[in-house]
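**Student:** sequence first, predicted coordinates after that:
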Amino acid sequence: MISNDENFTLSMLKKIKKRPTSNNDVDDFEYRNDGEYVDNTKLKRKRTNNGSSSSTSSKKRSRLKPDGVVSSSSPKMSSGSKKPKSTSTEKEKKKTQSVSSRKPRELKKLEKTERLQYAMQAFLWWNAPSPPEGCQWRTMEHAGVSFPDPYQPHGIKMLYNGEPLDLTPVQEEAATFFAAMDPEGMHLGSPKTAKIFIKNFFADFKALLGRRHIIKDFAKCDFGPIQRHLNEQKIIKKAITDEEKKVRKAGTNRVLFHYGFALVDGHLERVGNYNMEPPGTFRGRGAHPKMGKIKARVIPEQVQLNFSECAPVPRCPMPGHAWGEVRHDPQVQWLAQWKENINNQLKYMQMAAQSSFKGKSDRQKYSKAALLCDNINKIRTATRKALRAKKTEERQLATAVWVIDRLALRVGGEKDTDEEADTVGCCSLRVEHMTFDPNEEGGDNKEIELEFLGKDSMLYKQTIDFGSDLYNQSDNMGKQVYDNFKKFCKNKRKSEEIFDKINPTMLNQHLKQFMDGLTAKVFRTYNASKTLQEELAKKEQSSIWKSLTASEKVVEYNNGNREVAILCNHQRSVSKAQETQLETLGNKLHTLKKQKKILKKMLKLITAGKTEKIPLKKSEKEMIEAAGEAIAKAKCMKEEAKTNEEKIAATEADEAAKQQRRDCNDAKFVQAHLWDKIPTQDQVIKKINSWTAKIAKKEMDLKHKDDNKEVSLGTSKINYMDPRISVAWCKRNEVPIEKIFPISLRGKFNWAMAVKPDWEFNASIAKQKWKPK
């Protein structure tokens, strides 16, 4: 039996379940209420092996028996007679009998999540009829929002001025939020951000404590006991057994099957953020002025649900509570909305990235960017003239358009730095963000250093030579833009805006005269897609391209992707894990090169006949067995652990066993180039060639990871580069799409997978009409 909560997805599947195409489909597979498919083919075999089927099977056996073969009832051959040669028919009979004696191959049993995924992939939304104009859907049904479990007090007391304090569950929860923060992390590890974080947290914490509470000074607060308790709980959780993991996974799946799917216009869609955000400390990005504030727990009364009138109202999962409001608005995509307490902004529960809603939005976005191909020259011609306009407003508009087009800056907008991080874009650039002639070369130098915090507080710092051929070509637009910046910054304080006569609304209105629906945001998508297509075309035209392997072509693709990421300033900070990985790769490369030298010396020794000097591989049997025994012992300790002390000991034993296994693998790698006995000359030559290929691959991997360690290739893939460019490139060059797009992106861009190898990003694709079949 399954619970009522799990019945939601099952009921939706039954609504969209199609009639079987034949009786065989019904007979072979039976769908049970627990979500499993029962294979009835074995039952069929049993039936056919009884009764009337026996005669049929005997006839088949008689047909398989070739002519002239002596049966077992025939008289035996004399001892002196020769054994007849086996004919081809006898060989075929043996082959047939061996095949028939094999056990039937069992099909892979798919989990329910996989079956649901295949069911959703079967719906091709681009071939389906569109909803009425202005509407996003005709009918929509879902199960509402999943809320986090209520807080369970742990009873560990924080210290104030060295004395333990009694706190209420709400106060203890807030103290636990702070204790969970990493003191060496990006928020508390930096003196600048730690000051903001602590100030905001303590203000909210004191509000929960009340005016008369003893806690007045944060410096006297000691969250150490709670922090030690949390660290201990982390260790205990690592001691989880395989059975406990299955139980936990089953619990997660129950929530997924109930809340993670919606029925939209008769087909199943995946829901994105169906889990309500849990309470905690607000982190923000960069030096956000509100980091550290306490995010309040959201209750159902704060939530508005949106679904069709014909759909049942989802049951509220919290006893004693009810949904705040129910709406039936087909003109919006969101399934639920609520207002969070940090920035007082609305948040939404929407469909997942692979849903038809997101697919339609992506396709429309890239088609609009492609339409810019036919209008870009017209825009650039008008911009070149307006750069020298008499009116300051016209010159600022033209300069801003040039910067957004050529430098791929975001448009920017006004922000309240008390409420949001001080991030800027083109229209909000200030004089302090520009440094003219940063290297103090003097003369006709036309360099400007741009330095500011962009989206997500990522640093944009580039020195741009506006006098170079790259930005002038034949129209000298780059030099004119430099002169305009000089005039815009003249007699202004550092805190004043450069584009003081315009704003994003005026800029977007200015762009609409060239193309319907054109905004500054479209330029980034256009430039990213166009740059990728041009970079890939350059590489395909090289003389050695056809001789490259698929892996080498992927590296070249990533190089083109990196150019797009640099253009769009898609950066990321280098994590400790990345640094460790690069160091490990470097050490392995050094070991491989050292091993190759030894192999070459071994070849010389074999040629000279001095085989006694060749080093042999040491036995690894004892080391492997010891590591296996340690892992087995740790697993037994996990299964037998009952108390927290036993679980901690089991976790420590498990980590020690894993380290022992890693040491064993390292030892095997160190002597992987050796043999148990003296090798032949051919064996050594073969291994030298193998090590040469390994070194080349490792060098390629190391260079690729080092080049891209500070660049986010995924951001431009997900949001800016038309996926059809990548799909066509893969088909054209026989590169598996899995090498370029992970499974999540293949699901998100399923609408782009059918393009032809010669597909190109141009205005013609925007004019294509998608009609349902």
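**Tutor:** Received it, and whenever you're ready, just let me know what you need.

**Student:** buried ones in stretch 181-197?
**Tutor:** 181, 187, 188, 193, 194, 196, 197 (16 or more other C-beta atoms under 10 Å). Where you see a C-beta, it was placed from the backbone N, CA and C, and this is true even at glycine.

**Student:** mean confidence (pLDDT) on it, please.
**Tutor:** Rounded to a whole number, the mean pLDDT of stretch 181-197 is 91.

**Student:** one step back: need the max-distance pair from the buried residues of stretch 181-197.
**Tutor:** 181 and 196 (13.1 Å; C-beta to C-beta).

**Student:** helix/strand/coil for the residue nearest to residue 376 when sequence neighbours are not counted?
**Tutor:** Nearest residue to residue 376 in three dimensions, chain neighbours excluded: residue 526, at 7.3 Å (C-beta to C-beta, 6 or more residues apart in numbering). State at residue 526, reduced to three classes by DSSP: H, G, I helix; E, B strand; the rest coil: helix.

**Student:** so how far is residue 515 from residue 526?
**Tutor:** Separation of residue 526 from residue 515 (C-beta to C-beta, to the nearest Å): 11 Å.

**Student:** next one: residue 650
**Tutor:** According to C-beta to C-beta, residue 650 stands 65 Å off from residue 515.

**Student:** and what of residue 321?
**Tutor:** Distance, residue 321 to residue 515, by C-beta to C-beta: 49 Å.

**Student:** what about these two, which has more around it?
**Tutor:** More neighbours surround residue 515 than the other of residue 321 and residue 515, with 17 against 13 (other C-beta atoms under 10 Å).

**Student:** quick check: the more buried one touching residue 369?
**Tutor:** No: assessed by C-beta atoms under 8 Å, residue 515 is found out of contact with residue 369, at 10.7 Å.

**Student:** the strands in the stretch 301-450 of the chain, which residues?
**Tutor:** Ranges of strands in the stretch 301-450 of the chain, per DSSP state E, counting those that start in this stretch, are 304-306, 325-327, 336-339, 346-349, 434-436, 447-453.

**Student:** so what's residue 187 up against?
**Tutor:** 181, 193, 194, 197, 283, 291, 292 (C-beta atoms under 8 Å, 6 or more residues apart in numbering).

**Student:** from the residues you listed, pick the one nearest residue 719.
**Tutor:** Proximity of the contacts of residue 187 to residue 719 (C-beta to C-beta) peaks at residue 283, which lies at 21.9 Å.

**Student:** residues near that closest one, how many?
**Tutor:** Neighbours of residue 283 under the rule other C-beta under 10 Å: 16.

**Student:** test my guess that it contacts residue 291.
**Tutor:** Yes: in this structure, residue 283 is within contact of residue 291 by C-beta under 8 Å, at 6.1 Å.

**Student:** before we move on, back to that, now the buried residues of stretch 181-197 in TSV, with distance to residue 565 and secondary structure?
**Tutor:** Shown next, in TSV, are the buried residues of stretch 181-197 (distance: C-beta to C-beta, whole Å; DSSP: H, G, I helix; E, B strand; the rest coil):
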residue	distance to residue 565	secondary structure
181	31	coil
187	26	coil
188	30	coil
193	26	helix
194	31	helix
196	29	helix
197	30	helix
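
**Student:** and stretch 730-743, how far out from the chain's middle?
**Tutor:** Centroid displacement of stretch 730-743 relative to its chain, using C-alpha atoms, centre = their mean, to the nearest Å, is 16 Å.

**Student:** re earlier: which of the strands of the stretch 301-450 of the chain sits closest to residue 741?
**Tutor:** Of all the strands of the stretch 301-450 of the chain, strand 346-349 comes closest under C-beta to C-beta, at 26.1 Å.

**Student:** show me what the closest one is packed against.
**Tutor:** strand 336-339 (3 or more C-beta pairs under 8 Å, 6 or more residues apart in numbering; DSSP states H and E).

**Student:** could you pull out the helices in the stretch 101-250 of the chain for me?
**Tutor:** Under the criterion DSSP state H, counting those that start in this stretch, the stretch 101-250 of the chain carries helices at the ranges 112-121, 169-179, 191-209, 224-237, 242-259.

**Student:** wait, which of the ones you listed is closest to residue 550?
**Tutor:** Comparing the helices of the stretch 101-250 of the chain under C-beta to C-beta, the one sitting nearest is helix 112-121, at 25.2 Å.

**Student:** the closest one to helix 242-259, inter-axis angle?
**Tutor:** Helix 112-121 runs at 30 degrees relative to helix 242-259, counting by axes from the mean of the first three to the mean of the last three C-alpha atoms, to 10 degrees.

**Student:** tell me which residues of helix 112-121 come out buried.
**Tutor:** Buried residues in helix 112-121, counted by 16+ other C-beta under 10 Å: 112, 115, 116, 117, 120.

**Student:** and what of stretch 663-683?
**Tutor:** 664, 673, 674, 675, 679.

**Student:** which ones among those are found in helices?
**Tutor:** Using DSSP state H, the subset of the buried residues of stretch 663-683 located in helices is residue 664.

**Student:** tell me the one of the buried residues of stretch 663-683 nearest residue 237?
**Tutor:** Closest approach to residue 237 among these (C-beta to C-beta): residue 664, at 26.5 Å.

**Student:** and the gap between that closest one and residue 682?
**Tutor:** Distance, residue 664 to residue 682, using C-beta to C-beta: 30 Å.

**Student:** then residue 342?
**Tutor:** 69 Å.

**Student:** then residue 726?
**Tutor:** From residue 726 to residue 682 the distance is 43 Å (C-beta to C-beta).

**Student:** likewise residue 705?
**Tutor:** 35 Å.

**Student:** what do you get for residue 156?
**Tutor:** Counting by C-beta to C-beta, the gap from residue 156 to residue 682 is 67 Å.

**Student:** cool, residue 213 as well?
**Tutor:** Distance, residue 213 to residue 682, by C-beta to C-beta: 82 Å.

**Student:** got it, and residue 173?
**Tutor:** For residue 173, the distance to residue 682 - C-beta to C-beta - is 70 Å.

**Student:** do a quick rundown of the helices in the stretch 451-600 of the chain.
**Tutor:** 477-489, 504-511, 520-540, 550-567, 576-608.
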